[in-house]
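Colleague: just a sequence and a predicted model for now, questions to come.
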Amino acid sequence: MSDVNPVTLETIKNRLITIGREMVSTMVRTAGTPIYAEIKDFSCGLFDYQARQVVYSGMAVMHNLAVQNLIQTSIRLHGDDSGIFDGDVFMGNDPYLGGGIHALELGLASPIFVDGKIIAWSGSIAHQLDIGGMSPGGFCMDATDCFQEGIRFPPVKLFRGGELQRDIWNIHRNNVRLPDKIGMELKGQIAANNAAKKRVKELVSKFGVETFRKTCEALVQLSARVTEERIRQIPEGLYEHADFEEIEGIGDGIFTIHCDLTVHDGKLIFDFTRECPPQLPKLLNSTQMVVEGVLYSFLMPVLCHDIPWNEGCTYPIRIVTKPGSILNAQPPAPCSSPHVAFRAADAGLGAFNKAFVHSPLKERLSACWTSSPPVTLGVVPGGTGRPPIMIPLLEGMAGGGGAFSGKDGLDVCASNCVMEYSMGDVEAQENAYPILYLTRRIMRDSGGAGRYRGGCGVLVAVIPHKAPGVRFSLVEDRRLVPSHGFMGGYPGASHHWLVGRQIDVSRTIREGLGDDEEIFSKMELASPITVLDQGPEDVFVFNSSGGGGIGDPLNRDPEKVARDVLWNFESRKKAKVIYGVVFKPGTLDVDETQTKQVREKIRADRILDGTKVESNGPWQDKDYVILESSTQGFRQLCSRCGRILAPSADNWKKNVIHRELRMDETGMRIPGDQRVILRQYICPDCGLILDCEVTLRGMEPFRDFSPIK
């Protein structure tokens, strides 16, 4: 693979990783807003002379391809080495031409020269608090094209030969509402890129250009080889899943995003072209690069957890979308909030899990996470001659992590595409912005039930403080169709916005808002995509979604259920109805006899004829379906009792018991909607929930596996 000395290769690899981390710390130290310092909605990376990513470093993994795209487009637009000079810095944010996931993502790319030739690139990309456009903060609810969403830069030279191009700098400042703050953030990105340039040159001066280039090549090829080897451990076949995008006011408001995954010859091919909706005159569109970036960020912690994250990880993976669709939008479609890319990635993750569960590495898989962080941005008008105050609620990116195949999901974490995230202190938020927190706490009954519980979301309530009011821009799509579970696990709770009008603030501060049920019963539910005006005596409440569970809830350790009830993560009602756990009167001590009887009855009730489920059979402590290969082909068996569900590669879901629940019957805080159901697939012999599908009423069961013909 490489003639670089292994010790030298490891040394350079670790040094490159350290340089990447120095870029991150430089941006955090120079932060002018919570976007960098707290949320860490940015990423950095090092790229070789061919613009291939060699080292990823940063927080938002979904940015992986954005800087690479910026570099590649800069090279294409500005020529080869003859048109790119030492000291140049390219800036771009156009999502259709060398930018990030939307115009609010501003990227900087710097070529690194040694002896007059480009040997590498450093790059950074970060979310901006504003980029101009028709709405403060850049999330334009009423935009019908991308021209309304803010200023868009194709890759332009912000620095030429080390000299700042004042005209570009001034054009940028003149088009944003917070020029000083955003200018400071931009300088932080420049400092990060410069720090990397300095360190890379020091590294090359020690090891030489040729050794550096060979090491970069070796690292990329290593990641490609290991990723492909792991894919080859997955049974070849076709796997299907779907998720749903909610877009209020267009059609019936729910669009299906299908994913057909082919595993073949060490490759993963994710095909999203089946019945994919066309691009819409609404802000919820996405480009293909964003779909790729988000899906890669879901897959890399699973497939590439112990190898360098670089371009090589993507070589065995192909993502297919249809140009002009909602997943591959073309100009001038608006795309300031491309949530649909997350829905596609969730569909892709669901299909991948159905394949990966049969791999020796299956312990690394997880159910669906909170995903697409809901936009929760408040604005207080600044008045004549004063800029507005932008209030990013840092909890917007905090939700529940999907359960893993061997442990519970993470509570109040970021999406799995943001590796390091912090909500920051309440006191810091109150000091920086004219708001007052009434509560910030774990949202009870928000983690999807299962043998391993999905992570819980967060509940936040704020009021204006020394301000006439706040106007919130709200965008989310996990209300009717929540984060799905896997292997019989239930979905997590969904996002909600609520507002309580004309409250007694002093009394509320003294006595609190009350229990979750009291909050939801008394307050007005806001639209999932809206502008919400909050008066000086109104309380704004937000709760984030939870992660999906894994495995039949009746297989969960009763002591873990008791712990969750004690910590107020789960209610007593859910413990009994969903988990079948009974406590001794007046305590949280598990009544083992009653729990066993209740669980046996629940299993028996799942079976159509009500036959008692024997508890002393040859049961295995497993979930889901076993896929067996023989000379006659494939067959699929219940992992608990061994019943043959499908003697061939037929869809086993058509041979088991179906039970359909409304989403508000799942024990989670999810609105009931006649269109959306939780369909459970139950073994007719042992009553095990083999799988749960969040789907639309009347929709055919997803085909988990079929062989390649």
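Modeller: Looks like it came in fine.
Colleague: thought residue 286 was touching residue 338?
Modeller: Yes. Between residue 286 and residue 338 there is a contact under Cβ atoms under 8 Å: 3.6 Å. No exception for glycine: its C-beta is placed from N, CA and C like everyone else's.
Colleague: centroid residue for the protein?
Modeller: residue 371 (3.3 Å; Cα atoms, centre = their mean).
Colleague: got a list of what that one touches?
Modeller: Residue 371 makes contact with 342, 343, 345, 346, 399, 415, 416, 478, 483, 545, according to Cβ atoms under 8 Å, 6 or more residues apart in numbering.
Colleague: OK, contacts around the residue nearest to it when sequence neighbours are not counted?
Modeller: Counting by Cβ to Cβ, 6 or more residues apart in numbering, residue 371 lies nearest to residue 342, which is 4.6 Å off, once chain neighbours are set aside. Contact analysis of residue 342 by Cβ under 8 Å, 6+ apart lists 294, 371, 372, 415, 417.
Colleague: again, but for residue 72
Modeller: 51, 98.
Colleague: what's the pLDDT at it?
Modeller: For residue 72, the pLDDT comes out at 93.
Colleague: from start to finish, how long is stretch 258-274 in a straight line?
Modeller: With Cα to Cα, to the nearest Å as the measure, stretch 258-274 spans 6 Å from end to end.
Colleague: got the buried residues for it?
Modeller: Neighbour counts over stretch 258-274 (16 or more other Cβ atoms under 10 Å) mark 258, 259, 260, 261, 262, 263, 266, 268, 270, 271, 272 as buried.
Colleague: could you do stretch 132-142 as well?
Modeller: So, applying 16+ other Cβ under 10 Å, buried residues of stretch 132-142: 132, 133, 135, 136, 137, 138, 139, 140, 141.
Colleague: got the contact list for the third one?
Modeller: Neighbouring residues of residue 135 by Cβ under 8 Å, 6+ apart: 141, 142, 143, 473.
Colleague: any idea which element the residue nearest to the centre of the chain lies in?
Modeller: According to DSSP states H and E, residue 371 maps onto no helix or strand at all.
Colleague: I'd assumed residue 396 was in contact with residue 415.
Modeller: No. Counting by Cβ under 8 Å, residue 415 sits too far from residue 396 to count as a contact (10.6 Å).
Colleague: pLDDT weak spots in the stretch 601-709 of the chain?
Modeller: Low-confidence regions of the stretch 601-709 of the chain, defined here as pLDDT under 70, cover residues 609-621.
Colleague: mind listing the strands for it?
Modeller: In the stretch 601-709 of the chain, strands defined by DSSP state E, counting those that start in this stretch lie at 625-630, 633-638, 644-646, 657-662, 676-682, 689-696, listed in chain order.
Colleague: one more: the stretch 1-150 of the chain?
Modeller: Assigned by DSSP E, counting those that start in this stretch, the strands in the stretch 1-150 of the chain fall at 42-48, 53-58, 89-92, 105-114, 117-127.
Colleague: compare these and say which comes out lowest on pLDDT.
Modeller: Across the strands of the stretch 1-150 of the chain, strand 53-58 gives the lowest mean pLDDT, at a mean of 84.
Colleague: what lines up beside it in the sheet?
Modeller: Sheet pairing for strand 53-58, assigned by DSSP bridges, gives strand 42-48 (antiparallel).
Colleague: angle of the strand it pairs with against strand 105-114?
Modeller: 30 degrees (axes from the mean of the first three to the mean of the last three Cα atoms, to 10 degrees).
Colleague: which of the residues in strand 42-48 are buried?
Modeller: In strand 42-48, counting by 16+ other Cβ under 10 Å, buried: 42, 43, 44, 45, 46, 47, 48.
Colleague: that one vs strand 117-127, what angle?
Modeller: 170 degrees.
Colleague: I'd like the distance from strand 42-48 to the chain centre, please.
Modeller: On the basis of Cα atoms, centre = their mean, to the nearest Å, strand 42-48 sits 20 Å off its chain's mean C-alpha point.
Colleague: again with stretch 157-171
Modeller: The answer for stretch 157-171 is 35 Å, by Cα atoms, centre = their mean.
Colleague: list the buried residues of it.
Modeller: Of all the residues in stretch 157-171, those buried under the rule 16+ other Cβ under 10 Å are 157, 158, 159, 168, 169.
Colleague: surely the second one is in contact with residue 107?
Modeller: No. With the criterion set as Cβ under 8 Å, residue 158 and residue 107 do not qualify as a contacting pair; they are 10.7 Å apart.
Colleague: any stretches of this structure with poor pLDDT?
Modeller: 1-2, 58, 80-82, 372-373, 419, 609-621.
Colleague: show me where it has helices.
Modeller: 6-29, 34, 64-78, 166-174, 179-207, 209-231, 288-303, 339-356, 426-432, 505-511, 516-522, 558-566, 572-577, 592-606 (DSSP state H).
Colleague: for residue 667, find the nearest of those.
Modeller: Shortest distance between residue 667 and the helices of the chain, using Cβ to Cβ, is found for helix 572-577: 4.3 Å.
Colleague: so can I have a markdown table of the buried residues of strand 42-48 showing distance to residue 196?
Modeller: Shown next, in a markdown table, are the buried residues of strand 42-48 (distance: Cβ to Cβ, whole Å):
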| residue | distance to residue 196 |
| --- | --- |
| 42 | 14 |
| 43 | 13 |
| 44 | 7 |
| 45 | 9 |
| 46 | 6 |
| 47 | 10 |
| 48 | 13 |
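Colleague: of all those, which comes closest to residue 410?
Modeller: residue 43 (20.4 Å).
Colleague: show me what contacts that closest one?
Modeller: By Cβ under 8 Å, 6+ apart, the residues touching residue 43 are 56-61, 63-64, 66-67, 124-126.
Colleague: closest to residue 680 among those?
Modeller: Of the contacts of residue 43, the one sitting nearest to residue 680 (Cβ to Cβ) turns out to be residue 61, at 32.6 Å.
Colleague: can you check the distance spanned by stretch 111-125, start to finish?
Modeller: Start-to-end, stretch 111-125 (Cα to Cα) is 15 Å.
Colleague: buried residues in that stretch?
Modeller: 111, 112, 113, 114, 118, 119, 120, 121, 122, 123, 124, 125.
Colleague: again, but for stretch 548-566
Modeller: Neighbour-count burial for stretch 548-566, with 16+ other Cβ under 10 Å as criterion, is recorded at 548-556, 558, 560-562, 564-565.
Colleague: most widely separated two among the residues you listed?
Modeller: Spanning the widest gap among those are 548 and 562, at 22.1 Å by Cβ to Cβ.
Colleague: CA atoms only for stretch 75-90, dumped as CSV, please.
Modeller: Output of stretch 75-90 as CSV, limited to C-alpha atoms (Å, rounded to 0.1, in the frame of the first residue of the first chain):
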residue,chain,number,x,y,z
ILE,A,75,-9.5,25.1,-8.1
ARG,A,76,-12.0,24.7,-10.9
LEU,A,77,-13.0,28.4,-11.0
HIS,A,78,-9.6,29.9,-10.4
GLY,A,79,-7.4,27.6,-12.4
ASP,A,80,-4.6,25.3,-11.4
ASP,A,81,-1.4,26.4,-9.5
SER,A,82,-0.8,29.2,-11.9
GLY,A,83,-4.0,31.0,-10.7
ILE,A,84,-3.7,30.2,-7.0
PHE,A,85,-1.0,31.9,-4.9
ASP,A,86,0.6,31.6,-1.5
GLY,A,87,-1.4,33.6,0.9
ASP,A,88,-4.7,33.3,-0.9
VAL,A,89,-7.8,32.5,1.1
PHE,A,90,-11.0,31.5,-0.7
